[in-house]
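Engineer: Quick one, fold the following:
(2 chains)
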Amino acid sequence: MAIRRIGVVAGAVLVLAGCGGAKVGEAPSAAPGTGAAGSAAACGTLNLAINPWVGYEANAAVIAHVAEKNLGCTVVKKDLKEEVAWQGFGTGEVDAVVENWGHDDLKQKYIQEQKTALEAGLTGNKGVIGWYVAPWMAAKYPDITDWQNLNKYAELFKTSESGDKGQLLDGDPSFVTNDEALVKNLKLDYKVVYAGSEAALITAFRQSEKEQKPIIGYFYEPQWFLSELKLVKINLPAYTAGCDADAAKVACDYPLYELDKVVSKKFADSGSPAYTLIKNFSWTNDDQNLVAKYISEDKMTPAEAAAKWAADNEAKIKTWLPAS
Amino acid sequence: MITLSVPARLPARRYLAGAIVAAWVLGHALLAGRDTLALGGAELTPLHEGVNEAWDTVDDNRNSNPFFLYFVNYIRLILDESVKFVQALISQPSFGRPVPVLGWLGVVALAAAVTYIFGNIRVALLTVAGFVSFGLLGLWAESMDTLALTLTAVAYSLAVGIPLGVWAGLSGRFNRFVTPVLDFMQTMPTFVYLAPLTLFFLIGPASATIATMIYAIPPAIRITAHAIREVSPVTLEASSSLGATSAQSLRHVRLPLARRTIVVGVNQTIMAALSMATIAALIDAPGLGKTVLKALQTLDIGAAFNAGLAIVIMAVVLDRATTAASHRVETQRRTGRLRSVFFRRVEVAVALGIAAVLGYLSYTYVWAAEFPAGANIGSYVRRAADAASVWVQDSLSGFTDALKNVITYGLLNPFESLLAGSPWWLVFAVGVGMAALVGGTRAAIIAAAGLAALIGLGLWQDSMVTLAATLVATILVMALGVATGVWIGRSDRADAVLRPVLDAGQTMPAFVYLVPILGLFGPTRFTAIIAAVVFAAPVAIKLVAEGIRGVPPATVEAARSAGSSSWQLITKVQLPMARGAVALAANQGLIYVLSMVVVGGLVGAGALGYDVVAGFSQHQLRGKGLAAGLAIVVLGIVLDRARVRPRPERTDSG
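Structural biologist: The predicted model follows:
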């Protein structure tokens, strides 16, 4: 019993000691969102899918910032890969995808067939896909940027993975690639090696520049890494409409992607002001690159990065807001 | 080629095996590149397209099948509410308050009290240090989210797994039935079922919990069954001759004697559950995994390491706490009650009393609810990890290139060339012949069926490329496993030093160290092998060590007094007597290597791993991804079944 009594006494001491602190629920900061409570009813909850790349995160962060600050919405961010995010349109758990790269097959399924999703216009960002080399290579071998010279340099790109051919490093499986067909149809002396992730690609390019190790690989813009290392694009035979119709016979460059937004039908029909915001949202590659740089290089959280950008671009944001 | 290292029973077999290999090499030299059944990265077979269509059909009819929907919905509801309830207690704002019910002080106090009551004061102090470090790393809320999800998944896994394990230990028939199912669960890559899971269980904690449980239940069942079977038949006979019923001997003999090994199973379950924290984050599972994945998007090694470190600390704390609890029970069983009932009651009351008071404080006051933001050393950890990663990549890359080339050209390429470059029918014949030679008719049938399945899945060549890398990785794992396992099994000091390293290797999310090793080895198959070894070696080492420690001290003493040297003692007494454990280590090592095939696909292994990752990412490749997942499972089953099994030393107790 003595010991128990000591425990009680010790507890009492601690309680007394604690009396100095602020109590939960009393602190002024503990009541967030009360200022926007009036309009919160109109907007409700916005379920925003977050696809796993920084450019997407930049779009989403700015939209979330505006939706919360200007429209008083409650924004729920869900970290999902594209495929799973689109499934969410069907199950009603995702309201919007705010940077979509093509994905004609998903559009076919969820927009045309299931009718659970709708297109909500372009983001204004232009996506480029192609083959790239590190800047030091373009400087040392200026004619490498023409695809017709690639066979001349194939020897340079041999690795333990590509045997007696040059290695063409393919990367993130999320993006469509025609590279095996391209290599075959352009009669290039290369073997496609699958790096398998964006992290692997970026690390390979970084090491290439640092150690002057030759690497040629698949990459894309806008991408935050290009502000660290300005990769140089190889000129493949120019894209013309329909030249990629037959996947096995492709012998031309990738098309320019007009990145767009997709929302769930339920969300579009709800009349939420957040839907108008997402439909109106549009900005340039430079805008996105700036926010992406805040996140990747300056190590801001997406919310901080969005707040900083929003403070500098109030005029642009005004054009996205609902008219009333 | 584990199979070859085990001495065959008859010398003639050895010659036959040699002849088969010679014929294979000769056939390869003559026919290389013919009938290899290659399939390009974006190419599909009719089967893959068929799976795509079937998938769509399920997706479209999901809402029109009420029975299925109600059944699934209830499971989802229970799991969702369980996780959310634990989250409300410790990690998320709840019940209209801006903070969870228990603040950091309350959680630390409660964890310490529980570990003190069930364990001892040392492990309670470790728990306090570990939990406080979550706050110091600046990751309190994320850590509590991970803890909530893990505890829920582990609790359900054990509730299901231990009874099934006991059953599998008692009944040979059930064991034979459940083993392939467990192989399937452990080797089927998570990426394959993540997307379908969210269709049925929606995006949220339920899907994440189920994904975790699928991976975490098998070790609980497997190791529990192993433990029950290991109980000495002499002891069992003694108890039955004393008139104990089989239920009595289960409760009073088998379970108590098996407890030490069952706890290994509990530990493995916790480790497996924590190792899913990152992958589950791909479908929005809350917690530290998200931090790791976010950091990876910008290749922020520091932030990824910081979060990975929190996961490792959590694993170590949970592991030590469970072990201490089992030791306590075991000592009590051996020595009787140490202290008076009265003293024990006072002890428990005081511990709970203090926890209650601190818990109340953390419920009431902000300073005890939210971890002080000023006490944050996370930024130092991040910077140190960044610096270390840069240093390693800069200063070691010359040496690592050489290492990569030696293994790639010396071991991996010949293997791969023999397996993937020979005509399929030659490899098929060699595989079946070898299986017949070392495992008998049954093994040959399994091998034939498995290899035929690989052809049917349309992924023969990719499977052979993955097989080559898997075999190389498993050889490295077993070399490390036996050498280090023997060392740890014989020396408590080595155990104390190395165990945290092993725990770190097993629980540090692969995503954290992928970037530095990518810097060292580039996106190559060798990078994938290294990642697999880092993950799989710890479990092999632990199991071998456990086996070595299980050798009766009297036997070791006898051998030593008969004049055996340490080397003779290890090779002639300890390793042979731990043969069951070594076989289990090889089995688990192989399965852990196979479970890293997909991670390998993320860093340049290509083949099946890449197929699975691409299937998860690209809509039109999902059928192929599923086929690749099945191919990995088939590889696991064939490799596991078609090998020499140590002859059972005791009669099967089923």
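Engineer: which residues in the stretch 1-150 of chain A form strands?
Structural biologist: A:45-50, A:74-79, A:96-100, A:117-133 (DSSP state E, counting those that start in this stretch).
Engineer: what's the closest of those strands to A:K152?
Structural biologist: The closest of the strands of the stretch 1-150 of chain A to A:K152 is strand A:117-133. By CB to CB, the value is 13.6 Å. Yep, even glycine has a C-beta here, placed from its N, CA and C like the rest.
Engineer: Give me the angle between that closest one and strand A:96-100.
Structural biologist: Interaxial angle of strand A:117-133 relative to strand A:96-100 (axes from the mean of the first three to the mean of the last three CA atoms, to 10 degrees): 30 degrees.
Engineer: where does chain B dip in pLDDT?
Structural biologist: Low-confidence segments of chain B (pLDDT under 70): B:1-11, B:41, B:62-69, B:329, B:332-339, B:642-654.
Engineer: which residue does it bring closest to chain A?
Structural biologist: Across chain B, no residue is closer to chain A than B:V357, which sits at 3.3 Å (CB to the nearest CB).
Engineer: how close does that residue get to B:P372?
Structural biologist: Computed with CB to CB, to the nearest Å, the distance linking B:V357 and B:P372 is 20 Å.
Engineer: if you count what's nearby, which of the two comes out ahead?
Structural biologist: B:V357 (22 against 13; other CB atoms under 10 Å in any protein chain shown).
Engineer: tell me which element that one falls in.
Structural biologist: helix B:341-364 (DSSP states H and E).
Engineer: SS state for A:E258?
Structural biologist: Following DSSP: H, G, I helix; E, B strand; the rest coil, the label given to A:E258 is strand.
Engineer: same check, this time on the one 5 residues further on
Structural biologist: When classified by three-state DSSP, A:V263 comes out as strand.
Engineer: Quick check, it in contact with A:L277.
Structural biologist: No: A:V263 is beyond contact range of A:L277, at 10.9 Å (criterion: CB atoms under 8 Å).
Engineer: what's near enough to touch A:A61?
Structural biologist: A:V291, A:I295, A:P302, A:A303, A:A305, A:A306 (CB atoms under 8 Å, 6 or more residues apart in numbering or on different chains).
Engineer: Tell me how far it lies from B:L418.
Structural biologist: Remark: distance between A:A61 and B:L418 (CB to CB) = 51 Å.
Engineer: How about A:K109?
Structural biologist: Per CB to CB, A:K109 is found 42 Å from B:L418.
Engineer: Same check on B:A258?
Structural biologist: For B:A258, the distance to B:L418 - CB to CB - is 43 Å.
Engineer: Give me the contact list for stretch B:312-321.
Structural biologist: Contacts of stretch B:312-321 (CB under 8 Å, 6+ apart): B:114-115, B:118-119, B:123, B:126-127, B:130-131, B:133-134, B:143, B:146-147, B:150, B:267, B:270-271, B:274, B:500, B:503-504, B:506-508.
Engineer: tell me the contacts of B:G50?
Structural biologist: B:G623.
Engineer: name the element it belongs to?
Structural biologist: Here B:G50 is assigned to helix B:46-61, by DSSP H and E.
Engineer: Can you classify A:G196 by secondary structure?
Structural biologist: Note that with three-state DSSP, the state of A:G196 is coil.
Engineer: Show the contacting residues for it.
Structural biologist: Contacts of A:G196 by CB under 8 Å, 6+ apart are A:171-173, B:523, B:601-606, B:609-610, B:613.
Engineer: Kindly reformat those residues as a markdown table containing secondary structure.
Structural biologist: Formatted as a markdown table, the contacts of A:G196 follow (three-state DSSP):
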| residue | secondary structure |
| --- | --- |
| A:G171 | coil |
| A:D172 | coil |
| A:P173 | coil |
| B:P523 | coil |
| B:G601 | helix |
| B:L602 | coil |
| B:V603 | coil |
| B:G604 | coil |
| B:A605 | coil |
| B:G606 | coil |
| B:G609 | helix |
| B:Y610 | helix |
| B:V613 | helix |
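Engineer: Would you reformat these as a markdown table and include neighbour count?
Structural biologist: As requested, the contacts of A:G196 are exported to a markdown table (neighbours: other CB atoms under 10 Å in any protein chain shown):
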| residue | neighbour count |
| --- | --- |
| A:G171 | 26 |
| A:D172 | 24 |
| A:P173 | 26 |
| B:P523 | 32 |
| B:G601 | 29 |
| B:L602 | 30 |
| B:V603 | 31 |
| B:G604 | 29 |
| B:A605 | 33 |
| B:G606 | 25 |
| B:G609 | 30 |
| B:Y610 | 31 |
| B:V613 | 27 |
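Engineer: Of all pairs in those residues, which one is the farthest apart?
Structural biologist: A:D172 and B:A605 (15.1 Å).
Engineer: how deep is B:G398 tucked in, by neighbour count?
Structural biologist: By other CB under 10 Å, the residues close to B:G398 number 9.
Engineer: now it, what's its secondary structure?
Structural biologist: Assignment for B:G398 (three-state DSSP): helix.
Engineer: again with A:G271
Structural biologist: coil.
Engineer: For B:W104, which of the strands of the stretch 1-150 of chain A is the nearest?
Structural biologist: Of the strands of the stretch 1-150 of chain A, nearest to B:W104 by CB to CB is strand A:74-79, at 24.5 Å.
Engineer: as a whole number, average confidence for the closest one?
Structural biologist: Averaging pLDDT along strand A:74-79 yields 91.
Engineer: how about that strand as CSV, C-alpha atoms only?
Structural biologist: Extracted in CSV, the C-alpha atoms of strand A:74-79 (Å, rounded to 0.1, in the frame of the first residue of the first chain):
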residue,chain,number,x,y,z
THR,A,74,-12.1,20.7,-46.5
VAL,A,75,-9.4,19.1,-48.7
VAL,A,76,-8.6,15.4,-48.2
LYS,A,77,-5.5,14.4,-50.0
LYS,A,78,-5.1,10.7,-50.9
ASP,A,79,-1.7,9.4,-52.1
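Engineer: helices or strands up against it?
Structural biologist: For strand A:74-79, the elements it packs on are strand A:45-50, helix A:54-69, helix B:288-297, judged by 3 or more CB pairs under 8 Å, 6 or more residues apart in numbering or on different chains; DSSP states H and E.
Engineer: In three-state terms, how would the closest residue in space to B:L352 that isn't next to it in sequence be classified?
Structural biologist: Leaving aside its chain neighbours, B:L352 sits nearest to B:A113 (5.8 Å; criterion: CB to CB, 6 or more residues apart in numbering or on different chains). Secondary structure assignment for B:A113 (three-state DSSP): helix.
Engineer: Tally up the residues packed near B:A113, please.
Structural biologist: B:A113, neighbours per other CB under 10 Å, totals 22.
Engineer: Quick one: residues contacting it.
Structural biologist: Contacts of B:A113 by CB under 8 Å, 6+ apart are B:A124, B:A351, B:L352, B:I354, B:A355.
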